[in-house]
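Asker: mind looking at a prediction? Sequence and model below.
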Amino acid sequence: VSVPSTLPIGNQNFTVEMWVKVPAVGDGGLTASAEVGRLMSTSTNGANANWAINANGQLSMEWGGELITGTIDLRDGKWHHLLFTRDKTADTYQGFLDGTLELSAASAGSDVTFDNNSLRIGSGQTSNIFHGLIDELRVWNVRKEDIPNHNPNHPPHPPPHRPHPQLTLTHPPYTPTYPP
């Protein structure tokens, strides 16, 4: 999926949240050496922002050229709650897996410009198609602590089985929308 307009999070605090389900190796065409793929990706003006699951099944984030990688293999056929947050004031960039801190960068990194049509969901710009399901994707232009009635340390239950996953992009701040 290509997002048809600029996503205004590249120069400020933000939170990206989603549920993902990655098949076990051997299921759904996923081989042991295959990259699971990109959850969200942009690559413009030489500055990258990528949220992915690598060939070892580990969560990875790239922001402005800095890459950090987790340790837990997500290739288990189960739903997992992911939350990524950038806090420019505290100078941190973190990733949470099922409510537990999985990734942390030493700084919030440099700003990234999102051009029109540069953001992709479920793939890179030309490859790295995601092997699995993404559901209840939410993007806020605030830190996770500033989202009302939200506790990333106790994520909601996995999404119910439904034929079509849901996507929600929320903007402006403090007005998140939730799927029905």
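Answerer: Done, it's in. Numbers count the residues shown, from 1 in each chain.
Asker: from here on, contacts and neighbour counts on C-alpha atoms
Answerer: Will do.
Asker: quick one, strands of this protein?
Answerer: Here the chain has its strands, by DSSP state E, at 14-21, 37-44, 47-53, 59-63, 66-69, 79-87, 92-97, 100-105, 120-121, 133-140, 167-169.
Asker: can you add mean pLDDT, distance to residue 28 and mean neighbour count and give those back as JSON lines?
Answerer: As requested, these are exported to JSON lines (pLDDT from 0 to 100; distance: least, Cα to Cα, whole Å; neighbours: other Cα atoms under 10 Å):
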{"stretch": "strand 14-21", "mean pLDDT": "89", "distance to residue 28": "12", "mean neighbour count": "21"}
{"stretch": "strand 37-44", "mean pLDDT": "79", "distance to residue 28": "13", "mean neighbour count": "22"}
{"stretch": "strand 47-53", "mean pLDDT": "81", "distance to residue 28": "16", "mean neighbour count": "22"}
{"stretch": "strand 59-63", "mean pLDDT": "88", "distance to residue 28": "19", "mean neighbour count": "23"}
{"stretch": "strand 66-69", "mean pLDDT": "88", "distance to residue 28": "24", "mean neighbour count": "16"}
{"stretch": "strand 79-87", "mean pLDDT": "89", "distance to residue 28": "15", "mean neighbour count": "23"}
{"stretch": "strand 92-97", "mean pLDDT": "89", "distance to residue 28": "23", "mean neighbour count": "21"}
{"stretch": "strand 100-105", "mean pLDDT": "90", "distance to residue 28": "26", "mean neighbour count": "18"}
{"stretch": "strand 120-121", "mean pLDDT": "80", "distance to residue 28": "19", "mean neighbour count": "20"}
{"stretch": "strand 133-140", "mean pLDDT": "86", "distance to residue 28": "11", "mean neighbour count": "21"}
{"stretch": "strand 167-169", "mean pLDDT": "46", "distance to residue 28": "22", "mean neighbour count": "17"}
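Asker: please convert those strands to TSV, extending it with distance to residue 112.
Answerer: Shown next, in TSV, are those (distance: least, Cα to Cα, whole Å):
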stretch	distance to residue 112
strand 14-21	12
strand 37-44	8
strand 47-53	6
strand 59-63	8
strand 66-69	12
strand 79-87	12
strand 92-97	13
strand 100-105	16
strand 120-121	15
strand 133-140	16
strand 167-169	18
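Asker: ok, residue 140 to residue 16 distance?
Answerer: 6 Å (Cα to Cα, to the nearest Å).
Asker: quick one on the thing from earlier: please identify which of the strands of the chain is closest to residue 31.
Answerer: strand 37-44 (12.1 Å; Cα to Cα).
Asker: what packs against that closest one?
Answerer: Packing partners of strand 37-44 (3 or more Cα pairs under 8 Å, 6 or more residues apart in numbering; DSSP states H and E): strand 47-53, strand 120-121.
Asker: per-residue pLDDT, residue 35?
Answerer: On the pLDDT scale, residue 35 is placed at 86.
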